[in-house]
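1. fold the following, please.
(chains A and B)
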Amino acid sequence: MSMLELSGVRAGYGQVNVLQDLSLALEQGEIVVMLGANGAGKTTTMRAISGMIGRSGHIVFEGVDITRAAPDAIVQAGIAQVPQGRGTFPELSVEDNLRLGAYTRRDHDIAKDMDRWFGVFPRLMERRQQRAGSLSGGEQQMLAIARALMSRPRLLLCDEPSLGLAPLITKELFEVIQRLNAEEGVSVLLVEQNANLAMHMASRVYLLETGRIVATGSAAELSADDSIRKAYLGF
Amino acid sequence: MDLFLQRVVDGLSQGSVYALIALGLVIIYRGTGHLNFAQGEMALFATYCVYQLGEWGLSIYISVWIGMAIGFAVGAATEVALIRPVAKKSPFAVFIVTIGLFQFLNWLDGAIWGDQLLPNSGVGSKQSQFPSLFPDADTDFVTIFGANIRIQSIGVFLLVLVVTGLLFLLFNKTRFGLAMRAVASSPDSSRLVGIKTNRVLMMSWGLAAAIGALGGIVFAGLNNSVSLGLMFTVFIYGSAAATLGGFDSPGGAVIAGLTIGVIENLVAGYAQEWVGQSMKLGVAFLVILVVLMVKPSGLFGTQKVERV
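-> Sure thing, here's the model as predicted:
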């Protein structure tokens, strides 16, 4: 059984269904990359999984049906989302942002976890008392990821983390995601426009077009396909 | 000097009431970006309830808690039943709803308790005056530097300091306070970290209305009576305090509320012939206007600066 399974999912905003009968699966320990043009439904897929919008069909996480669960229950089930465009709390301090990441937790290891992520993201440590809004774009994205990790997720949803970041920062960011996957065993579902970079670390790739999956395979398989390569990878 | 001190302390106690109303406004504004026009009237309803409980023989020290609980319930119910359904559609809808609620509550109070000053010292009333939380007989004063300071004034001022301190702890030291600040900062991200934002908004409205209720009860105690028009000017001064303090700063709202109370009292005391009793409001607003021209986000409000 897959860790995450979507079958026949429809979701959208109001009367408009962006996703039409979308099905995909993610195995434990994978980094799955979702590619697609603007408006294909990548963000909508993310928001459907994390319970932020109305959806129907079946979304099953670790054997539990979460199709109708509220966002807080989904966080508690072990899924954390790094939304598009940072998703931090700009008026709050870096520390408070991390504390909020652990909002659904009731255990006493929260401070310990915070120190651990400060170890992984030393720049956040230096700025722990600063307001998140005063950080640079790259730092804010790191903070958004650290914040998501504070809920101790087993699945991390990352929605275009490279948006608006310099290439060097993006590279650093992707290295962090890969490290989290390898060392902490966090599975990752990643949405990216920056296809080339993302494909390098993907266990599997899904191609999304107008609310449907149109192709899936390993990075090597998809880049071997001429038409896909031209349309999505641009080489 | 003694008269000056007396006027300052009286101003502080008057300003304390503005501060309580302003605190309620700020709590709701921070959470939702809405200005609750019914803040004063919600407080008035709870104040009338406290009057009623007094008629039934309950001590003010018990009825003040019940009054605040009623305030909380009215505020929370308002958010759930009236604000939430329209909030997503348009901010103007919320504006209209709170104005409608303002009128409805005032009408309701009038329908239940009539339009006279209460308690009226006439027949049938058990109380001769609206009870104060603090000793307020003519002899209840202390003499400091030759000034006769009413114990009630000191009590009301200390009460507001305690309320402010408790709110500070709530906002900055508790899980719920963290959630309130998170919802104020970003509702969408709040849901993503697992905050039940609807519940936070409901509780915020309840909290704001409970604090407002305390303001109404204290003010009726200062006036020795409650009437339909009790909260009109208080609400105006309270909104002015919230604006002056910077609409998202609870501490600013309190300091501004107290400042306005003191200015009002000093103007009324020293420049009576010059500005007149009815123009003291104008002087207070002149001060606010000048401050806002220099510092548009208020004395303690955060200017939104964001790096992108």
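
2. what residues does chain B put near chain A?
-> Within chain B, the positions adjacent to chain A are B:175, B:178-179, B:181-182, B:184-186, B:188-196, B:302, B:305-308 by CB under 8 Å from any CB of the partner chain. C-beta coordinates here come from the backbone N, C-alpha and C atoms, glycine included.

3. can you show me the strands along the chain?
-> Picked chain A for this. A:4-13, A:16-26, A:31-36, A:55-61, A:64-65, A:79-82, A:155-159, A:187-191, A:204-209, A:212-217 (DSSP state E).

4. think we crossed wires, I meant chain B
-> B:141-144, B:147-150.

5. which of these sits most buried?
-> With neighbours defined as mean count of other CB atoms under 10 Å in any protein chain shown, the strands of chain B peak in mean count at strand B:147-150, which reaches a mean of 18.

6. circling back: can I get the strands of chain A in TSV with mean pLDDT and mean neighbour count?
-> Below are the strands of chain A laid out as TSV (pLDDT from 0 to 100; neighbours: other CB atoms under 10 Å in any protein chain shown):
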stretch	mean pLDDT	mean neighbour count
strand A:4-13	88	19
strand A:16-26	88	18
strand A:31-36	90	25
strand A:55-61	91	19
strand A:64-65	92	12
strand A:79-82	93	28
strand A:155-159	93	25
strand A:187-191	93	24
strand A:204-209	88	22
strand A:212-217	85	16
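
7. pLDDT below threshold where in the chain?
-> If you meant another chain, say so; for now it's chain A. Scanning chain A for pLDDT under 70 picks out A:231-235.

8. please go with chain B instead
-> Where chain B drops to pLDDT under 70, the residues are B:1, B:121-124, B:273-278, B:303-308.

9. so where do the helices sit in it?
-> Under the criterion DSSP state H, helices of chain B are mapped to B:2-32, B:39-55, B:60-78, B:84-87, B:91-113, B:151-173, B:175-185, B:187-192, B:197-223, B:232-245, B:250-270, B:272-275, B:280-294.

10. quick one, which of these is nearest to A:Glu5?
-> Set against A:Glu5 and scored by CB to CB, those come closest in helix B:187-192, at 21.5 Å.

11. tell me what the closest residue in space to A:Leu26 that isn't next to it in sequence is bridged to.
-> Among residues not flanking A:Leu26 along the chain, A:Leu4 sits closest, at 4.3 Å (CB to CB, 6 or more residues apart in numbering or on different chains). As for beta bridges, A:Leu4 partners with A:Leu26, A:Phe61 under DSSP bridges.

12. what separation do you get for A:Leu4 and B:Arg150?
-> When distance is defined by CB to CB, to the nearest Å, A:Leu4 is 67 Å away from B:Arg150.

13. how about B:Ile260?
-> 20 Å.

14. please apply the same query to B:Phe141.
-> 5 Å.

15. sorry, back to before: how about the helices of chain B in JSON lines, adding mean neighbour count?
-> Converted to JSON lines, the helices of chain B look like this (neighbours: other CB atoms under 10 Å in any protein chain shown):
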{"stretch": "helix B:2-32", "mean neighbour count": "24"}
{"stretch": "helix B:39-55", "mean neighbour count": "26"}
{"stretch": "helix B:60-78", "mean neighbour count": "20"}
{"stretch": "helix B:84-87", "mean neighbour count": "15"}
{"stretch": "helix B:91-113", "mean neighbour count": "16"}
{"stretch": "helix B:151-173", "mean neighbour count": "17"}
{"stretch": "helix B:175-185", "mean neighbour count": "20"}
{"stretch": "helix B:187-192", "mean neighbour count": "22"}
{"stretch": "helix B:197-223", "mean neighbour count": "25"}
{"stretch": "helix B:232-245", "mean neighbour count": "24"}
{"stretch": "helix B:250-270", "mean neighbour count": "23"}
{"stretch": "helix B:272-275", "mean neighbour count": "10"}
{"stretch": "helix B:280-294", "mean neighbour count": "15"}
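
16. which one, of those helices, ends up nearest to A:Met34?
-> helix B:187-192 (18.2 Å).

17. show me the contacts for A:Met201.
-> A:31, A:33, A:174, A:177-178, A:181 (CB atoms under 8 Å, 6 or more residues apart in numbering or on different chains).

18. circling back: now the helices of chain B in TSV, with distance to A:Asp113?
-> Shown next, in TSV, are those (distance: least, CB to CB, whole Å):
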stretch	distance to A:Asp113
helix B:2-32	28
helix B:39-55	40
helix B:60-78	34
helix B:84-87	34
helix B:91-113	39
helix B:151-173	20
helix B:175-185	16
helix B:187-192	18
helix B:197-223	24
helix B:232-245	37
helix B:250-270	30
helix B:272-275	60
helix B:280-294	44
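
19. out of those, which gets nearest to A:Asp225?
-> Among those, the nearest to A:Asp225 by CB to CB is helix B:187-192 (34.8 Å).

20. got the contact list for that closest one?
-> Here helix B:187-192 makes contact (CB under 8 Å, 6+ apart) with A:50, A:52, A:71-72, A:75, A:80-81, A:83, A:87-89, A:100, B:179, B:182-183, B:197, B:200.

21. repeat that for 6 Å
-> Residues from elsewhere that reach helix B:187-192 (CB atoms under 6 Å, 6 or more residues apart in numbering or on different chains): A:71, A:81, A:87, B:182-183, B:197.

22. what's the biggest helix in chain A, counting residues?
-> For chain A, the helix that runs over the most residues, judged by DSSP H, is helix A:167-184.

23. and residue 23, what does it touch?
-> Looking at chain A here, since you left the chain open. By CB under 6 Å, 6+ apart, the contact list for A:Ser23 reads A:6-7.

24. oops, I was thinking of chain B
-> Counting by CB under 6 Å, 6+ apart, B:Leu23 touches B:211, B:250, B:253.

25. make a markdown table out of those residues and add distance to B:Gln272.
-> Formatted as a markdown table, the contacts of B:Leu23 follow (distance: CB to CB, whole Å):
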| residue | distance to B:Gln272 |
| --- | --- |
| B:Ile211 | 32 |
| B:Pro250 | 33 |
| B:Ala253 | 28 |
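
26. now A:Ala215: how far from chain B?
-> Distance of A:Ala215 to chain B, given as CB to the nearest CB, to the nearest Å: 29 Å.

27. show me what contacts that residue?
-> By CB under 6 Å, 6+ apart, the contact list for A:Ala215 reads A:Leu207.

28. with adjacent residues omitted, what lies nearest to B:Val254?
-> Using CB to CB, 6+ apart, the nearest residue to B:Val254 is B:Ala19, at 4.4 Å.

29. wait, doesn't the one you found sit right on B:Ala256?
-> No - when contacts are counted by CB atoms under 6 Å, B:Ala19 is not listed as touching B:Ala256 (7.7 Å).

30. can you pull the contacts of the closest residue to A:Ile74 other than its chain neighbours?
-> Nearest non-adjacent residue to A:Ile74, counting by CB to CB, 6+ apart: A:Gly51, 4.6 Å away. Contacts here follow CB under 6 Å, 6+ apart; on that basis A:Gly51 touches A:69-71, A:74.

31. try A:Val9
-> Under the criterion of CB under 6 Å, 6+ apart, the neighbours of A:Val9 are A:19, A:22, A:55, A:57.

32. how about the residues of chain A by chain B?
-> A:71-72, A:75, A:81, A:87, A:89-92, A:100-101, A:103-104, A:133 (CB under 6 Å from any CB of the partner chain).

33. switch the cut-off to 8 Å
-> Within chain A, the positions adjacent to chain B are A:50, A:52, A:70-72, A:75-76, A:80-81, A:83, A:87-92, A:96, A:99-101, A:103-104, A:133-137, A:147, A:151, A:164 by CB under 8 Å from any CB.

34. would TSV of the contacts of A:Val9 with distance to B:Leu105 be doable?
-> Shown next, in TSV, are the contacts of A:Val9 (distance: CB to CB, whole Å):
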residue	distance to B:Leu105
A:Leu19	45
A:Leu22	49
A:Arg55	40
A:Gly57	46
